[in-house]
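K.L.:
What follows is a predicted protein model with its sequence.
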Amino acid sequence: MKLSKTILSLVISATLSVSVTAMADEPIQPVQAASGINTAQAELGKKLFFDPRLSRSGFISCNSCHNLSMGGTDNLTTSIGHKWNQGPINSPTVLNSSLNIAQFWDGRAKDLKEQAGGPIANPGEMASNHEIAVKVLQSIPGYRKEFKAAFGTEQIDIDKVTQAIAEFEKTLKTPDSRFDQWLKGDKNALNQTELAGYQLFKETGCTACHYGEAVGGTSFQKMGLVQPYKTDNKALGVYALTKNEADRYKFKVPTLRNVELTYPYFHDGGAQTLSEAVSTMAKIQLGKDMPQDQVDKIVAFLKTLTGKQPQFTLPILPPSVDSTPRPEPFK
Ligand code: HEC
Ligand code: HEC
């Protein structure tokens with residue numbers, strides 16, 4: 001492993017500049033800006049992401065639980081959905097979610113398009129169904145025009161709806177964090193404490209699971225690898241899909257990009273602060289009682305992973321018309 005890494009960097013340094021070699025040795029890579037986006041679909045998807053008419057109450061949009069003013073989360077322990085339903089699990093961020101190997105804590109949706117159909121029809125979330133959601137959109141002339149521009153037809157179906165939302169989500173990358181500036185060679189981008197935190201993050205073994213462009217999102221790992229995690233939350237992780245005992249409490253390793261913004265932490269929202277989350281991780285994943293000054297340094301490093309947040313004008317949604325199905329009265 002060590003040898004092949006050395007050979008790799010020798011090969012790279014023979015062909016590329018020195019700063020690129022230094023970066024290739026790091027377990028974390030900079031977030032790339034979104035590319036290859038279908039703009040018409042993404043613009044439409046942005047409107048759909050903000051449109052509460054996709055919910056039965058006419059009140060809840062994707063942005064309600066993945067608030068793009070708050071790091072793509074709701075900052076709640078577990079989400080609140082239809083009729084104030086307290087959801088079973090913490091809402092992960094939609095920022096950089098295109099980098100995930102699969103979607104949801106247990107990975108049950110293979111990609112963003114498949115994921116986007118879920119919440120619209122989930123009784124505890126938006127509580128609509130695909131038929132009604134499509135009917136609502138189809139009735140709105142402004143949407144018909146936009147679907148025509150994005151897909152070449154005014155015929156709306158759930159496949160196009162989820163495709164457009166997924167295309168918008170692909171734009172939600174957060175490049176240019178201070179840490180990425182450092183990776184790219186700006187050695188003044190981090191202070192001594194933050195750098196020490198990064199060293200600790202690597203030396204302690206956090207990078208065994210949190211690595212790559214998203215600093216996570218690439219594997220499923222047991223929560224409580226060394227010591228069991230104590231929680232009242234009922235989620236079983238990947239076991240729920242496979243019924244394989246080895247998958248019990250295996251969850252997707254979350255991205256640590258923008259983690260300063262996405263509190264509270266863990267699938268059950270059980271850690272309110274970053275400090276608490278880091279200290280718990282060290283203990284139950286790596287068997288280490290980490291002194292507070294080390295925890296503080298890692299937290300300082302993690303805060304340098306906050307990238308440039310998506311910038312756009314709040315979309316103005318095309319109005320309903322007389323024939324648009326109305327939200328269900330709240331009883
Ligand atoms: C009522 C709150 C709520 C609403 C509304 C909602 N979500 Fe979510 N979302 C969640 C929760 C909670 C999860 C995690 C569920 C799980 O893993 O079992 C999640 C998971 C996701 C994920 C997976 C992220 C990851 O890292 O695995 C994506 C992407 C996402 N939602 C996008 C959307 C989109 C698009 C919409 C609108 C169509 C939407 N959500 C509506 C609460 C919500
Ligand atoms: C064996 C794999 C593994 C190791 C090692 C590991 N983590 Fe994690 N980390 C996970 C998993 C899995 C989760 C999600 C667990 C859950 O919510 O059930 C997680 C969650 C987190 C979270 C919360 C993120 C969020 O959005 O909820 C933080 C912060 C974190 N880890 C930091 C660290 C730090 C710092 C270290 C080193 C001290 C570390 N992790 C070591 C697998 C690991």
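P.N.:
Nice, thanks for sending it over. Not measured: the values here are computed from a predicted model. Residues are numbered from 1 along each chain as shown. Ligands and ions are numbered 1, 2, ... in the order given.
K.L.:
Would you tell me whether stretch 247-256 gets close to ligand 2?
P.N.:
Yes. Using Cβ under 6 Å from any ligand atom, stretch 247-256 comes into contact with ligand 2 via 251, 253-254, 256. Just so you know, the C-beta spots here come from the backbone N, C-alpha and C atoms, and that holds for glycine as well.
K.L.:
Which of those residues lies at the shortest distance from Ser79?
P.N.:
Ranked by distance to Ser79 (Cβ to Cβ), these are led by Pro254 at 15.3 Å.
K.L.:
tally of neighbours for the closest residue to the closest one other than its chain neighbours?
P.N.:
Sequence neighbours aside, Gly216 is the residue nearest to Pro254 in space, at 5.2 Å (criterion: Cβ to Cβ, 6 or more residues apart in numbering). Neighbour count of Gly216, defined by other Cβ atoms under 10 Å: 23.
K.L.:
just Lys243 next, same as before
P.N.:
If we define neighbours as other Cβ under 10 Å, then Lys243 has 10 of them.
K.L.:
got it, and Pro291?
P.N.:
Pro291 - counted by other Cβ under 10 Å - has 11 other residues nearby.
K.L.:
Same question for Leu225.
P.N.:
Neighbours around Leu225, by other Cβ under 10 Å: 17.
K.L.:
hang on, the earlier thing: for Pro92, state which of the residues of stretch 247-256 next to ligand 2 is nearest.
P.N.:
Nearest member of those to Pro92, counting by Cβ to Cβ, is Pro254, at 6.1 Å.
K.L.:
For the closest one, give me its contacts.
P.N.:
Counting by Cβ atoms under 8 Å, 6 or more residues apart in numbering, Pro254 touches 92, 216-217.
K.L.:
now with 10 Å?
P.N.:
Contact analysis of Pro254 by Cβ atoms under 10 Å, 6 or more residues apart in numbering lists 90, 92-93, 100, 105, 209-210, 214-217, 262, 265-267, 277.
K.L.:
Cross those against helices and list the overlap.
P.N.:
In this view, those that belong to helices under DSSP state H are Ala277.
K.L.:
residues in the stretch 51-200 of the chain within reach of ligand 1, list them.
P.N.:
Counting by Cβ under 6 Å from any ligand atom, the residues of the stretch 51-200 of the chain near ligand 1 are 60, 62, 64-66, 79, 81, 87, 89, 91-92, 94, 97, 100, 103-105, 112, 115-116, 119-120, 125-126, 165.
K.L.:
Now name the helix or strand holding Phe251.
P.N.:
Assigned by DSSP states H and E, Phe251 belongs to strand 250-252.
K.L.:
State the mean pLDDT of that strand.
P.N.:
In this model, strand 250-252 has a mean pLDDT of 98.
K.L.:
got the contact list for it?
P.N.:
The contact list for strand 250-252, computed with Cβ under 10 Å, 6+ apart, reads 89, 92, 100-107, 216-223, 225, 229, 235-242, 244, 266-267.
K.L.:
go again using 6 Å as the cut-off
P.N.:
Strand 250-252 is contacted from outside by 105, 107, 220, 222-223, 237-238, 267, using Cβ atoms under 6 Å, 6 or more residues apart in numbering.
K.L.:
again with stretch 111-130
P.N.:
Outside stretch 111-130, the residues touching it (Cβ under 6 Å, 6+ apart) are 54-56, 60, 81-82, 85, 87, 103, 109, 133, 158, 162-163, 165-166, 169.
K.L.:
start to end distance for it?
P.N.:
For stretch 111-130, the first and last residues are 18 Å from each other (Cα to Cα, to the nearest Å).
K.L.:
cool, stretch 308-321 as well?
P.N.:
38 Å.
K.L.:
one step back: so which of the contacts of strand 250-252 are in strands?
P.N.:
Judged by DSSP state E, the subset of those located in strands is 220, 222.
K.L.:
Mind putting the contacts of strand 250-252 into TSV with neighbour count, distance to Asp296 and pLDDT?
P.N.:
Shown next, in TSV, are these (neighbours: other Cβ atoms under 10 Å; distance: Cβ to Cβ, whole Å; pLDDT from 0 to 100):
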residue	neighbour count	distance to Asp296	pLDDT
Trp105	21	28	97
Gly107	18	33	96
Phe220	18	29	98
Lys222	19	27	97
Met223	23	23	97
Gly237	21	30	96
Val238	23	33	96
His267	23	25	98
